[in-house]
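Engineer: Dropping the sequence and predicted coords here.
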2 protein chains.
Amino acid sequence: MSYKVIDSKDVEYLKSIVGENRTFTKEEISEDFSHDELGGVSNMPDLLLNVLTTEEVSKIMEYAYKNDIPVVARGSGTGLVGSSVPLEGGIMINLTGMNKILELDEENLTLTVEPGVLLMEISKFVEENDLFYPPDPGEKSATIGGNISTNAGGMRAVKYGVTRDYVRGLEVVLPSGKVLELGGKVVKNSSGYSLKDLLVGSEGTLGIITKAVLRLLPLPKKAISLLVPFPDLNKAIGTVPKIIKSKAIPTAIEFMQREVILSAEKFLGKKFPDNSSDAYLLLTFDGNSKEEIEEAYDKVAKICIEEGAFDVFIVDTDERKEAVWSARGAFLEAVKASTTEMDECDVVVPRNKVAEFINYTDELQNEFNVRIRSFGHAGDGNLHVYILRDDLSKDLWKNKLLKVFDAMYNKAIELKGLVSGEHGIGYAKRKYIFKQYGEEYMSVMRGIKTAFDPENILNPGKVCE
Amino acid sequence: MSYKVIDSKDVEYLKSIVGENRTFTKEEISEDFSHDELGGVSNMPDLLLNVLTTEEVSKIMEYAYKNDIPVVARGSGTGLVGSSVPLEGGIMINLTGMNKILELDEENLTLTVEPGVLLMEISKFVEENDLFYPPDPGEKSATIGGNISTNAGGMRAVKYGVTRDYVRGLEVVLPSGKVLELGGKVVKNSSGYSLKDLLVGSEGTLGIITKAVLRLLPLPKKAISLLVPFPDLNKAIGTVPKIIKSKAIPTAIEFMQREVILSAEKFLGKKFPDNSSDAYLLLTFDGNSKEEIEEAYDKVAKICIEEGAFDVFIVDTDERKEAVWSARGAFLEAVKASTTEMDECDVVVPRNKVAEFINYTDELQNEFNVRIRSFGHAGDGNLHVYILRDDLSKDLWKNKLLKVFDAMYNKAIELKGLVSGEHGIGYAKRKYIFKQYGEEYMSVMRGIKTAFDPENILNPGKVCE
């Protein structure tokens, strides 16, 4: 597919929409805008437009649509699969300036925000109002627009679900420039196909999110974490289905291995409360009373000990909390810093298949003689597995990476898992989504793409193409 | 659009798929299959096929697709908007025979069911296993397939959300006959457009659901209800946003008026615990400990009294529970029995707009001199408003109905509500969904329909057509 190349007439018109100060031509654009955090792909946009209003986005899209110019929307650029990379150049719409919290509605328990508000700003704001936005992805500097576009998950999904579950309504600019309101402040909706749920997780390929109405919960009054050392990862992860079966509902169940903890200690220059064991579960519990939480974690602690845990550390002092959670928050960066280059796999499998999958990655590590590190959300089956280049030559690494990825995704499919739990498909994982779903499924997806974007100008080359 | 009329050759082939015993030609089909409970529309199918397997559904669809024969899937026929009426005749696939509970997976907290399992069977089964399927629509003899197809809500949506929130995976037969697996047992999913969420609430127009993986929760150990009499409906409903704002989370908040209670008493031949007040809120609370529930309902009881409630009755004995909930369960049938004919509106508005909407229906009652009764889910903003014919002539009633509907839906849209909270659009509410969304929005929906069903053979004439 070939698009119109942006010329000076286009630049003049687009500049008239957002003003000179917020229009940047190719040579003025920072290289940062050509890539995300880990997609393995980069390309510069021809024009960067820093928008401030829905009307500006609408006018830009209307022009691009009429003139066949490709457009990519971008938030903080913290994606991991290349979703916001402008493969075809064209216009990049930078939404980070649309960063206002518009309304807290305490009678409907909703928060209305612009797409560029950061995750950390949302949690701070609502918690100050004794309210709670449960999705909790590790990357707090991501924008809410980006979180919605990838249906981001995070650690609290075990108890609270994912971003989709907290999006009540969206304002969206279609590729044609038309503005649609999807859903709203309403709690129920059986009014036609759920376009709102289609937009969630569509990685900027169906429309540009310019406003979101988020569902809030009352802030749980208490929370506590348990750090549980196990002799090995198998024992640790094997305990998780037993915890789920016990009907205790932890807020989060994370797993981690000693090597990753050591990397984080080195990266942060800070000690983790314990690094003497091979594998750990980190569990959190929240609720409104001490008794309620204690009852839940007593039961779970007992199960862990029965399953072979060495001990159960209660993480209740501020110091311990800080040590544990700053380490957990630094795992991705720490693993990244421990090698020359890496790529990741974000599969999700049924919760009782996590151990089988992780054992398989251990086999692959030996078979291909490549370093593989993983940590992740044992409680919801979503694994982050990192393949590290270390000192491999580029060709050898690419070759091993391809084989390891193929093997891992095949295994995930075999276990009735899915290609991506929370990072999305974007550019980097398209091969595997095709493999997972097959032609019939993908052609339905392409039909949906066409229904929204008949000229294929919005974020081309992603997800289902 | 004109379809192929079923001939004897078609009948022979289709009979070869499901067998003679489960094939019924027009004259053998009960009139029941021509309509649902309240859609105001009916038409007989030409052929009724009682299927038992996904493979049968797939083969039927493949044949229908090749031969341009319209197909409608049907569960219990308890719909209220004509979704399962075969407007164009053709094949009706009766899914009530696919009624097996296939698997309870306690390690993943999922229940896998065929589409014909009844809602009451699901709740019974899971509760026997100390588990909980939260969606709780009033019509317990509806099938789960029908519930998923309308994204049914019910009373517990205040705390637990709607059917969509409890569907993890679906097996779906496309109009072409191809079988797709959408989602699965996984907790997170960022693997392309969420076709699963599109199917939920699509009222049998995009594919036929042949299997569903439902998400379960641990069964709350305790539940209690409060019946709260108020001097008038305004005071009752005006209290709801204050309850929400207080951060107590009731499981359900229903409102009811004396006339509806009297109808239910008459209909059931049983007394309601109290009928001396004009309006009532019925609240339930659930949780795992007496203390937890008491704390929540104490707070809410205090708010109710502050807002003018006469009293707060705790519904804790079995006798009282039975009296209250059997009445609540009979409201629809009781209102129906109190008149000659009726039609309903199932709007959903933001929770703090319920009072304004109900006041408006009171005005309409006076303005058009027609009896209007309502009850519903005050806690989630979803109202069921019934317009009663009584002794009006057919023409006069139709005329008034049209005007009252137009006025009510306009009001709902003005209040940022939506046409349907839980009953769907089907055939009966298409006019209003067009009004709500406008052409651009509807054309995206039609594009989605085309992506799934390019020949438009599956449930034609519904939702977005």
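Structural biologist: Received it, and whenever you're ready, just let me know what you need.
Engineer: any idea which element residue A:92 lies in?
Structural biologist: Assessed by DSSP states H and E, residue A:92 sits inside strand A:91-94.
Engineer: tell me the mean pLDDT for the next helix or strand after that strand?
Structural biologist: For strand A:91-94, the following helix or strand on the C-terminal side (DSSP H and E) is strand A:101-105. Mean pLDDT, computed over strand A:101-105, is 98.
Engineer: Residue A:435 reaches residue A:412, doesn't it?
Structural biologist: No: assessed by CB atoms under 8 Å, residue A:435 is found out of contact with residue A:412, at 10.1 Å. C-beta: built from backbone N, CA, C; applies to glycine.
Engineer: quick one, which of those two is more surrounded?
Structural biologist: residue A:412 (27 against 14; other CB atoms under 10 Å in any protein chain shown).
Engineer: Let me see the contact set for the more buried one.
Structural biologist: A:347, A:348, A:349, A:357, A:418, A:419 (CB atoms under 8 Å, 6 or more residues apart in numbering or on different chains).
Engineer: ok now the helix or strand where residue A:127 lies, how far from the chain's centre?
Structural biologist: Using DSSP H and E, residue A:127 maps to helix A:119-128. Centre-to-centre, helix A:119-128 and its host chain are 18 Å apart (CA atoms, centre = their mean, to the nearest Å).
Engineer: Show the subsequent helix or strand relative to that helix.
Structural biologist: Trace forward from helix A:119-128 with DSSP H and E and the next one is strand A:131-132.
Engineer: Just checking: what are the partner strands of the strand or helix carrying residue A:344?
Structural biologist: Assigned by DSSP H and E, residue A:344 falls within strand A:342-345. Strand pairing for strand A:342-345, using DSSP bridges, gives strand A:382-388 (antiparallel).
Engineer: Can I get the partner strand as PDB, trimmed to CA atoms?
Structural biologist: Provided in PDB are the C-alpha atoms of strand A:382-388 (Å, rounded to 0.1, in the frame of the first residue of the first chain):
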ATOM      1  CA  ASN A 382       0.600 -14.000  32.600                       C
ATOM      2  CA  LEU A 383       4.300 -14.500  32.200                       C
ATOM      3  CA  HIS A 384       7.100 -12.200  31.100                       C
ATOM      4  CA  VAL A 385       9.900 -14.200  29.700                       C
ATOM      5  CA  TYR A 386      13.100 -12.500  28.500                       C
ATOM      6  CA  ILE A 387      15.600 -13.900  26.100                       C
ATOM      7  CA  LEU A 388      19.000 -12.200  26.600                       C
END
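Engineer: Next one: the closest residue to residue A:391 other than its chain neighbours from chain B, what distance?
Structural biologist: Leaving aside its chain neighbours, residue A:391 sits nearest to residue A:340 (7.0 Å; criterion: CB to CB, 6 or more residues apart in numbering or on different chains). In this structure, residue A:340 and chain B are 28 Å apart, going by CB to the nearest CB, to the nearest Å.
Engineer: Could I get the contacting residues of residue A:340?
Structural biologist: Residue A:340 neighbours (CB under 8 Å, 6+ apart): A:388, A:389, A:390, A:391.
Engineer: How about residue A:228?
Structural biologist: Contacts of residue A:228 (CB under 8 Å, 6+ apart): A:236, A:280, A:281, A:282, A:283, A:301, A:304, A:309, A:311, A:312, A:313.
Engineer: That one and residue A:376, how far apart?
Structural biologist: 16 Å (CB to CB, to the nearest Å).
Engineer: Please name every helix or strand in contact with the helix holding residue A:127.
Structural biologist: Helix A:119-128 sits against strand A:101-105, strand A:110-113, helix A:144-150, with contacts defined as 3 or more CB pairs under 8 Å, 6 or more residues apart in numbering or on different chains; DSSP states H and E.
Engineer: per-residue confidence averaged over it?
Structural biologist: pLDDT averaged over helix A:119-128 gives 97.
Engineer: could you dump that helix to PDB, C-alpha only?
Structural biologist: This file holds the C-alpha atoms of helix A:119-128, laid out as PDB (Å, rounded to 0.1, in the frame of the first residue of the first chain):
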ATOM      1  CA  LEU A 119      -1.000   6.000  35.400                       C
ATOM      2  CA  MET A 120       0.900   7.300  38.400                       C
ATOM      3  CA  GLU A 121      -1.100  10.600  38.300                       C
ATOM      4  CA  ILE A 122      -4.400   8.700  38.200                       C
ATOM      5  CA  SER A 123      -3.600   6.500  41.200                       C
ATOM      6  CA  LYS A 124      -2.300   9.500  43.200                       C
ATOM      7  CA  PHE A 125      -5.300  11.600  42.400                       C
ATOM      8  CA  VAL A 126      -7.900   9.000  43.200                       C
ATOM      9  CA  GLU A 127      -6.200   7.700  46.400                       C
ATOM     10  CA  GLU A 128      -6.200  11.300  47.700                       C
END
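Engineer: in that helix, what's buried?
Structural biologist: A:119, A:121, A:122, A:123, A:125, A:126 (16 or more other CB atoms under 10 Å in any protein chain shown).
Engineer: now stretch A:230-239
Structural biologist: A:230, A:233, A:234, A:235, A:236, A:237, A:238, A:239.
Engineer: next one: stretch A:266-275
Structural biologist: A:267, A:268, A:272, A:273, A:274.
Engineer: I'd say the fourth one and residue A:323 touch.
Structural biologist: Read that as residue A:273. Yes: here residue A:273 reaches residue A:323: they are 5.5 Å apart, a contact under CB under 8 Å.
Engineer: Show the contacting residues for residue A:465.
Structural biologist: A:430, A:446, A:449, A:456.
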